[in-house]
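S.K.: Here's my sequence, what's the structure:
(chains A, B, C and D)
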Number of protein chains: 2
Amino acid sequence: MPQVATPKDRRGALIRAAYSKLAERGFEGLRTRDVAAEAGVNIATLHYYFPTKEKLIEGVVEHAMSRFRTTLEPHGSTSDQLRNHLRSVQRLVQDEPDLGIVMGELALRSARDPAIARIMRETNEGWHRTVRGLLRKAVKDGSLEPELDTDETAAMIVAALRSLTLPMASSGGHSEQALRQLERWLGIGAPARKGRSIRSSN
Amino acid sequence: MPQVATPKDRRGALIRAAYSKLAERGFEGLRTRDVAAEAGVNIATLHYYFPTKEKLIEGVVEHAMSRFRTTLEPHGSTSDQLRNHLRSVQRLVQDEPDLGIVMGELALRSARDPAIARIMRETNEGWHRTVRGLLRKAVKDGSLEPELDTDETAAMIVAALRSLTLPMASSGGHSEQALRQLERWLGIGAPARKGRSIRSSN
DNA sequence: AATTGTCAATCAAGTGTTTAATTGGGCGCC
DNA sequence: GGCGCCCAATTAAACACTTGATTGACAATT
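M.R.: Have a look, this model is predicted:
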């Protein structure tokens, strides 16, 4: 759906269009013409704001990362911030499948693109630190066993969560199972959420 | 390194060349001409064996999956097949980084390509069943607690292992940590391997 | 008048695929 | 044994189309 006539914020519109197209077609099928069309502008206008396709992609990376990071910040106040965090990630990639796909595309491209690699690594490390911080706090206030290695456990949690962001996983219906087991191991298992059912009928 | 003059098995040579190029450049940069060049044949010869690029890719999928599956089959004989399995996966993606990249590419493409999606899902389900089978056997012979939910635990293990196949993860050095914690939770932790140190200096 | 934003038209370099031609080995037949 | 014939394998040279990027003109705003 080309959003014609977005008078102001052409730049932002182009980035969002590129983000959407990237999720839809992947880097393989990302065409500047399509992006311009989806933003409702001429191809030359795109090159007016982004001199090269690479620059446009940089904008998309920025957009995706901000989208990812903001929702990652722990919210809530009790010591079950940890469980909230797990479910936030699950909900994030569930409610916005595009994000998971874009993250995957960026992860793969980072193998060939040092610039993207740097950003991904930083985000990853930040995520790791966040989870480790939550774990340490939980250990301190007694909701987790004191002998827990917070660093290795954080690595485990991030690894598990990251696999959720892959498209393949969600189709199997195994992701909820995996998360439940993770919560159980952590000893923070909790009964059903209100609202939507999480029983997959497969 | 173009392997000129591979008189027989042109078909196989082309598939291996495509596999290599796919790992090197991704779907984004996969060019039939490059594949032909790497196999040391003319572009038309490629189309003699594979009428279309899509057919060539199918061959690559087959190749990658076989490569993946064979190493996945549990070997060894004792009840610590489970630990062997975890480490086999780690070793596999560590010794052959191309495989991890290709798997990632295929996983992403499966979001747009039903044919690939089917193969990936089947491989995934097979992997899940394998791990679950190992878990059940371990429960039966007493090396794992009987109240363990083998299905959910298998989902968790596969999720964790799958994240290892992503290029991003390995760079952080967190993958060994994650695996150690997983083994610890399962209660199958084992002393240090001989050889390389696994202490990350961060 | 100068600056900014936008577009139709165009270009050069690819890009998957096809065509027409060549090579060489095997097979039947005299 | 020599001869014509076929056919799998291979290639150089296009073909038709795509794709990122550029240009120059035109309007709107300052």
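S.K.: could you pull out the helices for chain A?
M.R.: Taking DSSP state H as the criterion, chain A carries its helices at A:10-25, A:32-39, A:43-49, A:53-72, A:81-95, A:97-109, A:114-140, A:150-164, A:167-172, A:174-186.
S.K.: Turn those into a markdown table, columns for mean pLDDT and mean neighbour count.
M.R.: (C-beta placed from N, C-alpha, C; glycine too.) Listed next are the helices of chain A as a markdown table, based on pLDDT from 0 to 100; neighbours: other C-beta atoms under 10 Å in any protein chain shown:
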| stretch | mean pLDDT | mean neighbour count |
| --- | --- | --- |
| helix A:10-25 | 96 | 20 |
| helix A:32-39 | 96 | 19 |
| helix A:43-49 | 96 | 15 |
| helix A:53-72 | 90 | 17 |
| helix A:81-95 | 87 | 18 |
| helix A:97-109 | 91 | 22 |
| helix A:114-140 | 88 | 17 |
| helix A:150-164 | 87 | 24 |
| helix A:167-172 | 62 | 20 |
| helix A:174-186 | 87 | 21 |
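S.K.: mind putting the ones you listed in TSV, distance to DNA strand D included?
M.R.: Listed next are the helices of chain A as TSV, based on distance: least, C-beta to the nearest atom of the strand, whole Å:
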stretch	distance to DNA strand D
helix A:10-25	9
helix A:32-39	4
helix A:43-49	4
helix A:53-72	3
helix A:81-95	27
helix A:97-109	14
helix A:114-140	15
helix A:150-164	28
helix A:167-172	22
helix A:174-186	33
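S.K.: For residue B:48, which of the ones you listed is the nearest?
M.R.: The closest of the helices of chain A to residue B:48 is helix A:10-25. By C-beta to C-beta, the value is 29.7 Å.
S.K.: Distance to residue B:115 for the helices of chain A - can I get that in TSV?
M.R.: Formatted as TSV, the helices of chain A follow (distance: least, C-beta to C-beta, whole Å):
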stretch	distance to residue B:115
helix A:10-25	17
helix A:32-39	24
helix A:43-49	32
helix A:53-72	28
helix A:81-95	24
helix A:97-109	18
helix A:114-140	28
helix A:150-164	23
helix A:167-172	14
helix A:174-186	22
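S.K.: can you redo those helices as CSV with distance to chain B?
M.R.: Formatted as CSV, the helices of chain A follow (distance: least, C-beta to the nearest C-beta, whole Å):
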stretch, distance to chain B
helix A:10-25, 7
helix A:32-39, 14
helix A:43-49, 19
helix A:53-72, 11
helix A:81-95, 12
helix A:97-109, 5
helix A:114-140, 6
helix A:150-164, 4
helix A:167-172, 4
helix A:174-186, 4
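S.K.: Pick out the residue nearest the middle of chain A.
M.R.: Closest residue to the average C-alpha location of chain A: residue A:68 at 4.4 Å, with C-alpha atoms, centre = their mean.
S.K.: count of residues packed around the residue lying closest to residue A:103 once chain neighbours are set aside?
M.R.: Of all residues not flanking residue A:103 in the chain, residue A:165 sits nearest, at 5.1 Å (C-beta to C-beta, 6 or more residues apart in numbering or on different chains). Applying other C-beta atoms under 10 Å in any protein chain shown, we find 24 residues neighbouring residue A:165.
S.K.: got a list of what residue A:165 touches?
M.R.: A:89, A:93, A:99-100, A:103-104 (C-beta atoms under 8 Å, 6 or more residues apart in numbering or on different chains).
S.K.: tell me the pLDDT at it?
M.R.: Residue A:165 is assigned a predicted lDDT (pLDDT) of 76.
S.K.: Please report phi then psi for it.
M.R.: phi -70, psi -10 (degrees, to the nearest 10).
S.K.: how close does it get to residue A:151?
M.R.: From residue A:165 across to residue A:151, the span is 22 Å (C-beta to C-beta, to the nearest Å).
S.K.: How about residue A:80?
M.R.: Going from residue A:80 to residue A:151 by C-beta to C-beta gives 21 Å.
S.K.: Same question for residue A:163.
M.R.: Using C-beta to C-beta, residue A:163 is found at 19 Å from residue A:151.
S.K.: and what of residue A:113?
M.R.: Between residue A:113 and residue A:151 the computed distance is 29 Å (C-beta to C-beta).
S.K.: what do you get for residue A:166?
M.R.: Separation of residue A:166 from residue A:151 (C-beta to C-beta): 24 Å.
S.K.: and what of residue A:177?
M.R.: 26 Å.
S.K.: cool, residue A:51 as well?
M.R.: Here the criterion is C-beta to C-beta. By it, residue A:51 lies 43 Å from residue A:151.
S.K.: likewise residue A:59?
M.R.: If you measure residue A:59 against residue A:151 using C-beta to C-beta, the figure is 34 Å.
S.K.: what's the answer for residue A:74, then?
M.R.: From residue A:74 across to residue A:151, the span is 18 Å (C-beta to C-beta).
S.K.: Please report how far the nearest residue to residue A:69 once chain neighbours are set aside lies from residue A:158.
M.R.: Closest residue to residue A:69 apart from its sequence neighbours, by C-beta to C-beta, 6+ apart: residue A:123 at 6.7 Å. Residue A:123 sits 11 Å away from residue A:158, taking C-beta to C-beta as the criterion.
S.K.: for the residue nearest to the centre of chain A, what are its contacts?
M.R.: Counting by C-beta under 8 Å, 6+ apart, residue A:68 touches A:92, A:99, A:103, A:123.
S.K.: Any figure for the gap between the second one and residue B:138?
M.R.: Same thing as residue A:99. 37 Å.
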